[in-house]
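> structure for the following, please:
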Amino acid sequence: MTSIVAVIGNAEPDPTRDNVAEQVGVAIAKGGWGLVCGGLGGVMEAASRGAHSVTNGTGPPIIAILPGVDKAAANPYADITIPTGLGYARNLLVVLAADAVVAVGGHSGTLSEIAHAWQAGKPVCAFTGTPGWGAQLAGEALDQKRADRIFEIRTIKELENWLKKTLAT
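Residues are numbered from 1 along each chain as shown. Alright, predicted model coming up:
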């Protein structure tokens, strides 16, 4: 079965952060993994665009789990669009659908996704060079219920290595 990687982060566009997210999407697709995200703009769209640039709709799926009910709200790079009508509660679905979670920046929605992933026992990594909750929590344990920490990522190469190791088990 194909492993799925969640990419979480800001919905608002930012050229620097979105460049990182696009490279994340490329790395995920080149690794042969599917991508799941909240399906909207910003980090979600950039990661989806990066993955789509590799797969062009023929590789592992790019899945958009939307907060609303309108499929048309999804970014144009999603292969599978799932409207939920759940608002922010869809954040739980995004991380539960994944085998690993990558945080790029992020505000309160990303914080909730990190917490849900942590509680569900999902491996989580976060980029340190993209301001937001991901960077603030990189290298930290959210509580003592797990022996690991949110893995700190500085480069795309580090991400590729972490994903290979994490998804090989």
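> quick one, phi/psi of residue 31?
Residue 31 has phi and psi values of phi -80, psi -10 when expressed as degrees, to the nearest 10.
> centre of the chain to the top helix by length along the chain, how far?
Of all the elements of type helix in the chain, the one with the most residues (DSSP state H) is helix 15-30. The chain centroid and the centroid of helix 15-30 are separated by 10 Å under C-alpha atoms, centre = their mean, to the nearest Å.
> which strands or helices does that helix pack on?
Contacting helix 15-30 under the criterion 3 or more C-beta pairs under 8 Å, 6 or more residues apart in numbering; DSSP states H and E are the following elements: strand 4-9, strand 34-37, helix 43-55, strand 100-104, helix 156-167. (Each C-beta comes from the backbone N, C-alpha and C, glycine too.)
> any idea of the angle the last one forms with helix 15-30?
Between the axes of helix 156-167 and helix 15-30, defined by axes from the mean of the first three to the mean of the last three C-alpha atoms, to 10 degrees, the angle is 40 degrees.
> residues in contact with helix 156-167?
With C-beta atoms under 8 Å, 6 or more residues apart in numbering as the contact definition, helix 156-167 has outside contacts at 3, 5, 20, 23-24, 27-28, 31, 33, 99-100, 102, 123, 125, 127, 151, 153.
> are any of these buried, and if so which?
Among the contacts of helix 156-167, those classed as buried by 16 or more other C-beta atoms under 10 Å are 3, 5, 20, 23-24, 27-28, 31, 33, 99-100, 102, 123, 125, 127, 151, 153.
> how about the secondary structure of the residue sitting furthest away from the middle of the chain?
Residue distances from the centre of the chain (C-alpha atoms, centre = their mean) peak at residue 144, which lies 23.8 Å from the mean C-alpha position. The three-state assignment at residue 144 reads coil, by DSSP: H, G, I helix; E, B strand; the rest coil.
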